[in-house]
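1. got a sequence here, can you build the structure:
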Amino acid sequence: MYPPAQHVFVCITQRPPTAGASCGAAGSRLLMDKLQALLLEHDLSGRVRVNGSTCLGPCESGINLVVYPDAVFYQRVTEQDLREIVEQHLVAGRPVERLRVASLV
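-> Here you go, the predicted structure:
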């Protein structure tokens with residue numbers, strides 16, 4: 001298998017309930033499965049790889065995901081946002097600005 005053109009990392013960290021919010025508690029594993037299904041639907045599974053990741057940052061802003069090599073960090077991603085991310089960003093090359101964190105630095 002060739003290296004993917006893009007790699008999406010979805011935070012799947014599950015913090016204990018007493019530790020506050022987490023992407024895992026918000027349903028990130030199910031979201032990751034739905035993203036995989038959309039990639040298959042758009043025939044992108046050979047070009048885009050999806051992996052679960054440990055903590056990507058601000059748990060209170062989850063579900064968080066990052067697209068590399070684009071260095072685009074998305075926060076507060078819901079299942080309803082996935083089609084837009086796939087079609088606008090992964091297919092057309094335009095990040096979804098309303099979900100994007102302004103800077104990774």
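
2. quick one, what contacts C23?
-> C23 makes contact with 10-13, 55-56, 59, 62-64, according to Cβ atoms under 8 Å, 6 or more residues apart in numbering. For the C-beta atoms, the positions are set from N, CA and C on the backbone; glycine is no exception.

3. can we see that at 7 Å?
-> By Cβ atoms under 7 Å, 6 or more residues apart in numbering, the contact set of C23 is 11-13, 59, 62-64.

4. same question for S53.
-> Neighbours of S53 in contact, by Cβ under 7 Å, 6+ apart: 9-12.

5. would TSV of these with neighbour count, secondary structure and distance to P3 be doable?
-> Written out in TSV, the entries for the contacts of S53 read as follows (neighbours: other Cβ atoms under 10 Å; DSSP: H, G, I helix; E, B strand; the rest coil; distance: Cβ to Cβ, whole Å):
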residue	neighbour count	secondary structure	distance to P3
F9	19	strand	15
V10	24	strand	19
C11	27	strand	22
I12	20	coil	22
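
6. between which two of these is the distance greatest?
-> The widest separation within the contacts of S53, taken as Cβ to Cβ, falls between F9 and I12 and amounts to 9.4 Å.

7. sorry, back to before: closest one of the contacts of C23 to N51?
-> Proximity to N51 was ranked across the contacts of C23 by Cβ to Cβ; first place goes to I12, at 9.2 Å.

8. where's the most centrally placed residue in the chain relative to Y2, distance?
-> Nearest to the centroid of the C-alpha atoms of the chain, with distances taken as Cα atoms, centre = their mean, sits L65, at 3.2 Å. Applying Cβ to Cβ, to the nearest Å, the value for L65 to Y2 is 22 Å.

9. got the contact list for A102?
-> With Cβ under 7 Å, 6+ apart, A102 has no contacts at all.

10. pLDDT score for it?
-> As summarised for this prediction, A102 has a pLDDT of 79.
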